[in-house]
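[1] 3D model of this:
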Amino acid sequence: MLIGMKLKLLSFFREFFVYHHRSLEFRAKVFAAIIAAKLDPDEDDFIILYEISKEIYDNDEDRKAVLIQITKEYISKVKCKDHLTLDALLLSIDQSMKSHKRYASKIDFSHLRRLINGEEEETLIQQRVYDFLLYEVKQYSSIG
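    Numbers count the residues shown, from 1 in each chain. The predicted structure follows:
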């Protein structure tokens, strides 16, 4: 109960309490785009995401929890079509990389490949999202 309340508070005030919250939010958008490309994301996707978050944030439990929470929020918005579609999320990722070229280095494609799983149609859409992100990273990392 207390951990859930702390997580909700961190999520609500992440701009104030979470160091480099924009970078963390960018990562969450990228993970959300890959996972939301599935018709019905399941708990295994979030287990994999938790393992990835441990690799990224090592011993920072708060950042791991906030990354997963924000990712779930974006997935929920895409699935509910709450003013956010997968295309709009990808456009937001593109705009973030355009504004902050260093964000291109935040995308670890080995992490994304681990999240590509499921039925054939789902993996096809996930692969298209992956290819889009790969193209964008190449575009923005070559700019300098």
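
[2] hmm, who's touching the lengthiest helix in the chain?
    In the chain, assigned by DSSP state H, the helix with the most residues is helix 120-143. The set of residues external to helix 120-143 that reach it, using C-beta atoms under 8 Å, 6 or more residues apart in numbering, is 30, 33-34, 37-39, 86, 90, 93-94, 97-98, 101, 103-105, 107, 109, 112-113, 115-118. Glycine gets a C-beta too; all of them are placed from N, C-alpha and C.

[3] Now which of these would you call buried?
    30, 33-34, 37-38, 86, 90, 93-94, 97, 103-104, 107, 112, 115-116, 118 (16 or more other C-beta atoms under 10 Å).

[4] Of those residues, which belong to strands?
    Residues of the buried ones among the contacts of helix 120-143 located in strands (DSSP state E): none.

[5] How much space separates Ser96 from Lys77?
    16 Å (C-beta to C-beta, to the nearest Å).

[6] Comparing the two, which shows the higher neighbour count?
    Higher neighbour count among Ser96 and Lys77: Ser96, with 21 against 17, using other C-beta atoms under 10 Å.

[7] In terms of secondary structure, what does whichever helix or strand Ile47 is part of contact?
    Using DSSP states H and E, Ile47 sits within helix 43-57. Under the contact definition 3 or more C-beta pairs under 8 Å, 6 or more residues apart in numbering; DSSP states H and E, helix 43-57 sits against helix 21-36, helix 61-80, helix 109-115.

[8] now it, how far from the chain's geometric center?
    Helix 43-57 has its C-alpha centroid displaced from the chain centroid by 11 Å (C-alpha atoms, centre = their mean, to the nearest Å).

[9] Counting neighbours, which bits of it end up buried?
    Those would be 45-46, 48-49, 52-53, 57, for helix 43-57 by 16+ other C-beta under 10 Å.

[10] by how many degrees do it and helix 21-36 diverge?
    Angle, helix 43-57 to helix 21-36, by axes from the mean of the first three to the mean of the last three C-alpha atoms, to 10 degrees: 150 degrees.
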